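Engineer: Whatever this is, show me its structure:
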Amino acid sequence: MIAALYAVAIGGLLLYGGHWGWLALVHLRSERLQDGPAPEASSARVPETWPLVTVQLPLYNEADVAERLIDACARLDYPRERLEIQILDDSTDETTALVRERAAHWRTEPPPARHGLDVTVVHRTDRTGYKAGALKNGLRLARGNLVAVFDADFVPPPDFLRRAVPALLASEDTGVVQARWGHLNAERSALTKAQAVGLDAHFALEQAGRQQAGCFVNFNGTAGLWRRACIADAGGWHTDTLTEDLDLSYRAQLAGWRLHYLPELEVPAELPASLGALRAQQERWAQGTIETARKLLGPLWRSAQPLRVKTAGSFHLTAHLAYPLVLLAALTHPALAWLKGSGAGPGPLYFAALSFGMVGFAGVFLAQLFAQRVLYPDWRRRFAARFPLFLAGTVGLALSNTRAVLRGLLGQSMSFVRTPKTGDTPKTSEQKGRPWWHARCAAEALFSDGGGIAWSETALALYSLAGLLVVAAAGEWAALPFQALFAAGFGLVAGLDLRQARRVRGAAG
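Structural biologist: Numbering: from 1, shown residues only. Alright, predicted model coming up:
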C-alpha cells in the first residue's frame, strides 16, 4: 500500500514537472536566452486618438497601501481628459476616509502636477461577490472602453498606459494585455525571496512559454488592460470562484479572444511579508484555481481548440493538484525507505521506475533556471541562493494548499480572505516605526482557524525530522536528500509559524 501511494505521488509529480520541462524547451527553442534582463520589444504603433481608459482599483481595508496606489495611478502619463480612475472601495475601516481624501485631492486641485483628474469612489456597504462583485459593479458606472485593473499592493509605472494601450489595439482580437509582475520587497526576507523565484518563473517562463506555444495564457487579476467588449463578450465577471481572473481569462479565450502577455512591461508589487499573509493568498489561489478547473475543463475539452491547447490548459487549471501529491510523497517516503532497507519493500524494477521522477524535478529546475537567466544579470548567484528556498517553501505550503484544493474539489465555499499588506519596501516595518498591530494584522490569517494549521505543520516538521533518522537507520543514503527537503520545507514553515505567534503574543502583552 505504501509503495502504491508513493508511486502515485511520484507519477503525478512527474507529469506536472514534465509540463514545466516542456515549457522550458518551448522557451529555449523560441527565444535566445539572455544574461538578463530581457531586451524590450519594439513599441506598437501609437494611436492617433488615445481611447478613454477606466482604471479600476478594488480595495478592502487597505489603509497601509491605498494612498500609494491612488497616487501612482493619478501620475499615469496619459491624456487627462481620456482617463477615469475608479476606486472600488468595500472597506469597513479608516481606508474609506483615506481614499475619499485622496480622490478629492486629485479631483479638485488645479494643474500642474496632474491634478484635476476624474477620480471617483464607488463605496459598497456589503462585499457581495468580493473582488469580482466590486469590478462588476464598477464596470456598470465606468466610461472607458478600455479597463485597467490594479490591486492595492501594486505601483504602476507612469508609462503603463502609454505602452499597454498600443499593444492592446495592435490586433482587433486582443482582449487583454497582461504585464509582468515585479517585486518591491523581494530582498526583505527568505520568505519574499522564495516567492519572487516562483513568480518570476510563472511570468518569465510559464506565461511566455504558453504564449510562444499558442496556448491559453491568463490575466493575473491585476496589472492588466482589458477591452470592455471582451469582458462583455465573455459573460462578464463571475462570482462563483475565488479566481475570477483565471475564470474570465479562459472564458474570453474560449469565446475567440486573444490574451497578450507583455513581458517587457513590468509593474512592481509588494510580496506578502509574513507566513500568514502568504498562506491566505496561496490558499485562495489554490481553491479558486480548482474551482475554475471544475467549471471550465468541460467547456475547454468540448471546444474546437487543438489538443495542444486543451492539454496545456488542463495542466494549467489543475496545477495545484501538485500540492496533495507532494504531501502524499512526504508522508510515505520514510516508510518506503524503511521497507526497502529491511528487504520487505518492492523489488528493483519498482525503484528503477521511480527514478524517472527525476525527469519531473529536472523540468522544474530548468524552468526556474531559465526564468532567472532571462530576468537578472546576476542570475547564477541568485539561482544558487534562492532555488533551494523556493523548493523548501513549496514543500512547506503543501499541507495548507492541500486543504484548499480539497475545498475546491468538494465545492466548499470560502470567503475571499484578503492578503494582508504593510506598504512594505526594502526598509523594514520596524524601521518605519510601525505599531505592533500591523504585525498582528499581517498574521490574521495564521490564526483564522485557531492555529490548527500551524500545529499540523509543526507535527509534519517533527515527522519529517524523525524520517531523517529512519532513512539513515535503514541505510538508504540515496533517499536522504529527498527526506532532508521535506524536513527543511515543513521545518521552515513551522519555524515561521512559531516566530510569528511569539511576536504577536509579545506585542499584545
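Engineer: my read is residue 266 is in a strand, agree?
Structural biologist: Yes - going by DSSP: H, G, I helix; E, B strand; the rest coil, the assignment for residue 266 places it inside a strand.
Engineer: List the contacts of it.
Structural biologist: Applying Cβ atoms under 8 Å, 6 or more residues apart in numbering, we find residue 266 in contact with 157, 179, 180, 181, 182. The way it works is simple: take the backbone N, C-alpha and C, and place the C-beta from them, glycine included.
Engineer: out of these, which are buried?
Structural biologist: Neighbour-count burial (16 or more other Cβ atoms under 10 Å) applied to those gives 157, 179, 180, 181, 182.
Engineer: between the residues you listed, which is closest to residue 210?
Structural biologist: residue 180 (13.7 Å; Cβ to Cβ).
Engineer: Tabulate the contacts of residue 266 (a markdown table), appending distance to residue 343.
Structural biologist: As requested, these are arranged in a markdown table below (distance: Cβ to Cβ, whole Å):
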| residue | distance to residue 343 |
| --- | --- |
| 157 | 63 |
| 179 | 57 |
| 180 | 52 |
| 181 | 51 |
| 182 | 54 |
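Engineer: In strands, which of these appear?
Structural biologist: Among these, DSSP state E puts 179, 180, 181, 182 in strands.
Engineer: Out of these, which comes closest to residue 249?
Structural biologist: Using Cβ to Cβ, residue 179 is the member of those that sits closest to residue 249, with 14.3 Å.
Engineer: could you point out which element follows the helix or strand bottoming out on mean pLDDT in the chain?
Structural biologist: Every helix and strand of the chain was ranked by mean pLDDT, DSSP states H and E. The lowest is helix 436-442, at a mean of 43. Under the assignment DSSP states H and E, the closest C-terminal helix or strand after helix 436-442 is helix 452-473.
Engineer: Among the contacts of residue 266, pick out the one closest to residue 24, please.
Structural biologist: Closest approach to residue 24 among the contacts of residue 266 (Cβ to Cβ): residue 180, at 17.6 Å.
Engineer: Quick check: bridge partners of that closest one?
Structural biologist: Beta-bridge partners for residue 180, by DSSP bridges, are residue 266.
Engineer: how far away is it from residue 262?
Structural biologist: From residue 180 over to residue 262 the distance is 7 Å, taken as Cβ to Cβ, to the nearest Å.
Engineer: a markdown table please, covering the contacts of residue 266 and showing distance to residue 316 and pLDDT.
Structural biologist: Shown next, in a markdown table, are those (distance: Cβ to Cβ, whole Å; pLDDT from 0 to 100):
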| residue | distance to residue 316 | pLDDT |
| --- | --- | --- |
| 157 | 28 | 98 |
| 179 | 19 | 98 |
| 180 | 17 | 98 |
| 181 | 17 | 98 |
| 182 | 22 | 98 |
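Engineer: closest to residue 275 among those residues?
Structural biologist: residue 181 (20.2 Å).
Engineer: my read: the closest one touches residue 196, true?
Structural biologist: No - taking Cβ atoms under 8 Å as the definition, residue 181 is not a contact partner of residue 196, at 9.4 Å.
Engineer: where's the one residue sitting closest to the centre of the chain relative to residue 193, distance?
Structural biologist: Nearest to the geometric centre of the chain sits residue 199, at 6.5 Å (Cα atoms, centre = their mean). When distances are taken as Cβ to Cβ, residue 199 and residue 193 turn out to be 11 Å apart.
Engineer: go on, residue 348?
Structural biologist: With the distance defined as Cβ to Cβ, residue 348 ends up 40 Å from residue 193.
Engineer: now, among the contacts of residue 266, which is nearest to residue 141?
Structural biologist: Among the contacts of residue 266, and counting by Cβ to Cβ, the member closest to residue 141 is residue 179, at 24.8 Å.
Engineer: residue contacts, the closest one?
Structural biologist: For residue 179, the contacting residues are 160, 164, 223, 224, 262, 265, 266, 267, by Cβ under 8 Å, 6+ apart.
Engineer: ok, which pair from the residues you listed is furthest apart?
Structural biologist: 224 and 266 (12.9 Å).
Engineer: what about the stretch 101-250 of the chain, any weak spots by pLDDT?
Structural biologist: Across the stretch 101-250 of the chain, the ranges flagged by pLDDT under 70 are 109-115.
Engineer: which residues in it form helices?
Structural biologist: If you assign secondary structure with DSSP state H, counting those that start in this stretch, the helices in the stretch 101-250 of the chain sit at 130-141, 160-169, 190-201, 208-212, 228-233, 244-254.
Engineer: ranking those helices by burial, who's on top?
Structural biologist: The densest packing among these, expressed as mean neighbour count by mean count of other Cβ atoms under 10 Å, is seen in helix 244-254 with a mean of 24.
Engineer: could you dump the helices of the stretch 101-250 of the chain to CSV with distance to residue 19?
Structural biologist: As requested, these are exported to CSV (distance: least, Cβ to Cβ, whole Å):
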stretch, distance to residue 19
helix 130-141, 28
helix 160-169, 27
helix 190-201, 13
helix 208-212, 10
helix 228-233, 27
helix 244-254, 17
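Engineer: for the ones you listed, which one sits closest to residue 327?
Structural biologist: Ranking the helices of the stretch 101-250 of the chain by distance to residue 327, with Cβ to Cβ as the measure, places helix 190-201 first at 17.8 Å.
Engineer: just how off-centre is the closest one within its chain?
Structural biologist: In terms of Cα atoms, centre = their mean, to the nearest Å, the gap separating the centre of helix 190-201 from the centre of its chain is 10 Å.
Engineer: And that helix, what does it pack against?
Structural biologist: When contacts are defined as 3 or more Cβ pairs under 8 Å, 6 or more residues apart in numbering; DSSP states H and E, helix 190-201 packs onto strand 174-183, helix 275-302, helix 357-375, helix 379-396.
Engineer: Deepest-packed of those, please.
Structural biologist: Comparing the helices and strands packed on helix 190-201 by mean neighbour count (mean count of other Cβ under 10 Å), strand 174-183 comes out on top with a mean of 24.
Engineer: That strand versus helix 357-375: what angle between them?
Structural biologist: Direction vectors for strand 174-183 and helix 357-375, defined by axes from the mean of the first three to the mean of the last three Cα atoms, to 10 degrees, enclose an angle of 90 degrees.
Engineer: tell me the angle strand 174-183 makes with helix 190-201.
Structural biologist: Orientation of strand 174-183 against helix 190-201 (the same axes, to 10 degrees) gives an angle of 150 degrees.
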